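1. Let's see this in three dimensions:
(2 chains)
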2 protein chains.
Amino acid sequence: MQLRIPGPTPCPPQVLKAVGGQMIDHRGDKFAQIIRDITEKLQKLFQTKNDVFVLTGSGTGGMEAAVVNTLSPGDKVLALSCGFFGDRFAEIPECYGAEVKKLNFEWGKPVDPDAVRKALKEDAGIKAVLVTHNETSTGVTNDLKAISSVAKEFDKLVLVDAISSLGSIELPVDEWQCDVVVTASQKGWMVPPGLAMVSVSKRAWEAHAKAKMPRYYWDFTKAKNYLERGQTPWTPCVSTFFGLTVALDMLLAEGLSNVIARHARIADFTRRGVKSLGLSLFPEEKYASNTVTAVKAPEKLTVSKFLQVLRDEYQVVLSGGQGNLSGKIFRIGHLGWVQEKDMKEVLKAVSKALPKASA
Amino acid sequence: MQLRIPGPTPCPPQVLKAVGGQMIDHRGDKFAQIIRDITEKLQKLFQTKNDVFVLTGSGTGGMEAAVVNTLSPGDKVLALSCGFFGDRFAEIPECYGAEVKKLNFEWGKPVDPDAVRKALKEDAGIKAVLVTHNETSTGVTNDLKAISSVAKEFDKLVLVDAISSLGSIELPVDEWQCDVVVTASQKGWMVPPGLAMVSVSKRAWEAHAKAKMPRYYWDFTKAKNYLERGQTPWTPCVSTFFGLTVALDMLLAEGLSNVIARHARIADFTRRGVKSLGLSLFPEEKYASNTVTAVKAPEKLTVSKFLQVLRDEYQVVLSGGQGNLSGKIFRIGHLGWVQEKDMKEVLKAVSKALPKASA
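-> So this is what the prediction gives:
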């Protein structure tokens, strides 16, 4: 089976072996070693000296943590959205009583840093900028470096959904001055879902100290206090921690720059393959993501049938479009444990399934 | 290794094998089958016709979900506490702006239903009663049937932390009129941590419709809408779902009443064994839990050293006391995948380690 959705991604056998390990005491020495080791390795891969916490939950939980730990009801935030996940990130502070000023960009296009500058210039009251690094729904990678730099011109807090980018696409957290950065285990990290990983800058801690949104489960102070003892406040998702230990070693052995280069190379290979089949990319190619390729469905293609044929006849699992893009695009995930040969198989299956699902 | 803490509990090999399975599409047919199957089986074991949701997170996340989905800031709640976890349950609504009236009982003693009646009689403004079924920190099982019945005399919402009881100790959710009941995968369910399971009654849904506490990740409406499609709103902890499928079949094959009887028998065996070593139970024996036995540390025993000797020399992992009970008690978990022979080994190790850690 070629599971090539943008997460959960396939796990290497040595990761799965670790995931299936017997339980241990989450308040004992062995777990303390594991979490300290993981935290240190994540800091390397986040390219940060900031605190990094591993929270038991989905990526969306990490996004909620980013918001509730740094903001207060009534705070004005600028939420940048060019897709489904940008919309989701905007919904969270709204739900917690923030005043959300939303800057929408056409799906398939990236966030425009100049538009961000204009919005921040117009409203000095904005406290934080929320941005999706890699918009999984449209296959677009935003120019986070430029966006963060603009936000910092105005001294804003920068909260980043890097769920499907970090560890696969360049994101030097400290250099780009990102205050809270969220990723999740089932993406480029090659482990099962269950963990959200977040980095928290000094500036984010300052915001945290004044932030009044209610928080208990996701509270960074609790996470920090327990991490000092080599623990988590609540029982952690031990199996995924086991897997992460192995996967981080694999990533570090390959080397972050090599991992990033591999993702770039495979994405390029995939885009060329898609185009050679006569298909068009959904996003502007300049901003096409290196972890997920979104492809326009030809007019005669029934996407749901296409995905079913791929799965049932060729053992290839791809994703459809989300929200407004349902039926209009399909998406190929190529992040984490992936090589060119996997994409060769996927493209071959796509070429065979296309006529079978076209009118 | 005998891991005998009150969770995570050891997992049977067939569960671990499933946990180590390769990832699948969490929005595909196979996952839909899994979650529907699990939900139906959980309803049987919860003895409920209520909705049951499986949330990716720790048990504490489930407790937070119970609170934020049914209450509004300013609501008055009665929180019953006879230990560390009762205290935790009381903290959550406090943190979300509820007015928490806390009824504390001596640690080691149970919640007194008459005191609950008195408190509810005195204050008609109370909206919900929060209760810990099995207080893991003190090894006490509260008389939930009586407490819930008292709460229902006054038509209150009943929110139950049944994290370390459900599936191991009798708790017929519908018969006892419990509105939200929370448990977690790493307890009697014999699977790794990562999932909180909650049931939601009609009465809880009515409260939910009016509840104004902010919620996004833990929102029951989102969980319900996605479950109708055989999905979860956010990427689920797939590995633990795989394990749960196998574990629920094992529990149902044994039969709930047999599982409950086994826990009662093993707990009784453990208590008798502890006493035969000249040790005393921490709680009143009448309320001693069938999933965790809390034992008073003899005056000359250094608990930390005792636990270390047990672990290093006898491969037996027990827990110490939490909060105020640190250094004063130790705790033996006997829930989930456990038989008399396991407790025989534990008691033998305890008898040998006691003199080695006593002054």
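2. What is the burial count for the closest residue to A:Gly97 other than its chain neighbours?
-> The shortest distance from A:Gly97 to any non-neighbouring residue, by Cβ to Cβ, 6 or more residues apart in numbering or on different chains, is to A:Pro73 (3.2 Å). Bear in mind the C-beta positions are built from the backbone N, C-alpha and C, glycine included. Using other Cβ atoms under 10 Å in any protein chain shown, A:Pro73 is surrounded by 14 other residues.
3. pLDDT value on A:Pro73, please?
-> At A:Pro73, the predicted lDDT confidence score is 98.
4. got a list of what A:Ala162 touches?
-> A:His133, A:Asn134, A:Leu144, A:Leu171, A:Cys178, A:Val181, A:Val182, A:Thr183 (Cβ atoms under 8 Å, 6 or more residues apart in numbering or on different chains).
5. Can you pull the phi/psi pair for it?
-> Dihedral angles of A:Ala162 (phi, psi; degrees, to the nearest 10) stand at phi -120, psi 30.
6. for chain A, what spans make up the strands?
-> A:2-3, A:51-56, A:76-81, A:99-104, A:126-132, A:134-135, A:140-141, A:157-161, A:180-184, A:195-200, A:292-296, A:316-317, A:319-320, A:329-333 (DSSP state E).
7. Just list the residues touching the residue nearest to A:Gly97, thanks.
-> Taking Cβ under 8 Å, 6+ apart as the test, what A:Pro73 contacts is A:Tyr96, A:Gly97, A:Ala98, A:Lys212, A:Met213.
8. Check A:Lys41 too.
-> Taking Cβ under 8 Å, 6+ apart, one finds A:Leu248, A:Asp249, A:Leu252 in contact with A:Lys41.
9. Which of these ranks first by neighbour count?
-> Within the contacts of A:Lys41, most neighbours by other Cβ under 10 Å means A:Leu248, with 21 neighbours.
10. how far away is the closest residue to that one other than its chain neighbours from A:Gln14?
-> Counting by Cβ to Cβ, 6+ apart, A:Leu248 lies nearest to A:Lys41, which is 4.2 Å off, once chain neighbours are set aside. In this view, A:Lys41 and A:Gln14 are 16 Å apart by Cβ to Cβ, to the nearest Å.
11. same check, this time on A:Ala353
-> For A:Ala353, the distance to A:Gln14 - Cβ to Cβ - is 32 Å.
12. ok, now A:Leu171?
-> Remark: distance between A:Leu171 and A:Gln14 (Cβ to Cβ) = 26 Å.
13. Comparing the two, which shows the higher neighbour count?
-> Between A:Leu171 and A:Gln14, A:Leu171 has the larger neighbour count (other Cβ under 10 Å), namely 26 against 14.
14. Can you report phi and psi for that one?
-> Main-chain torsions, A:Leu171, degrees, to the nearest 10: phi -160, psi 80.
15. Wait, it touches A:Ile163, no?
-> No - using Cβ atoms under 8 Å, A:Leu171 is not in contact with A:Ile163, being 11.3 Å away.
16. Could you check which residue of chain A lies nearest chain B?
-> Per Cβ to the nearest Cβ, A:Gly20 is where chain A lies closest to chain B, at 2.5 Å.
17. Tell me how many other residues surround that residue.
-> Neighbourhood size, A:Gly20 [other Cβ under 10 Å]: 23.
18. who touches it in this structure?
-> Contacts of A:Gly20 (Cβ under 8 Å, 6+ apart): A:Ser239, B:Leu16, B:Lys17, B:Val19, B:Gly20.
19. redo that, cut-off 7 Å
-> Applying Cβ atoms under 7 Å, 6 or more residues apart in numbering or on different chains, we find A:Gly20 in contact with B:Leu16, B:Lys17, B:Val19, B:Gly20.
20. hang on, the earlier thing: and the two most separated of the contacts of A:Pro73?
-> Farthest pair in those (Cβ to Cβ) is A:Ala98 and A:Lys212. Separation: 10.7 Å.
21. Who has more neighbours out of these two?
-> A direct count of neighbours by other Cβ under 10 Å for A:Ala98 and A:Lys212 places A:Ala98 higher, at 24 against 13.
22. Please report the distance of that one from B:Met213.
-> From A:Ala98 to B:Met213 the distance is 15 Å (Cβ to Cβ).
23. A:Ala124 now?
-> When A:Ala124 is compared with B:Met213 (using Cβ to Cβ), they lie 31 Å apart.
24. same thing with A:Ala119?
-> Applying Cβ to Cβ, the value for A:Ala119 to B:Met213 is 31 Å.
25. Those two: which has the busier surroundings?
-> Each of A:Ala119 and B:Met213 has its neighbours counted (other Cβ under 10 Å); B:Met213 has more, 21 against 18.
26. list the contacts for the nearest residue to that one once chain neighbours are set aside?
-> Nearest non-adjacent residue to B:Met213, counting by Cβ to Cβ, 6+ apart: B:Val68, 4.2 Å away. Taking Cβ under 7 Å, 6+ apart, we find B:Val68 in contact with B:Tyr96, B:Met213, B:Arg215, B:Trp218.
27. try A:Gln22
-> B:Pro10, B:Cys11, B:Leu16.
28. mind redoing it with 8 Å?
-> Taking Cβ under 8 Å, 6+ apart as the criterion, A:Gln22 is in contact with B:Met1, B:Leu3, B:Pro10, B:Cys11, B:Leu16.
29. now the residues you listed as a markdown table including neighbour count?
-> A markdown table is the format used below for the contacts of A:Gln22 (neighbours: other Cβ atoms under 10 Å in any protein chain shown):
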| residue | neighbour count |
| --- | --- |
| B:Met1 | 13 |
| B:Leu3 | 22 |
| B:Pro10 | 22 |
| B:Cys11 | 28 |
| B:Leu16 | 21 |
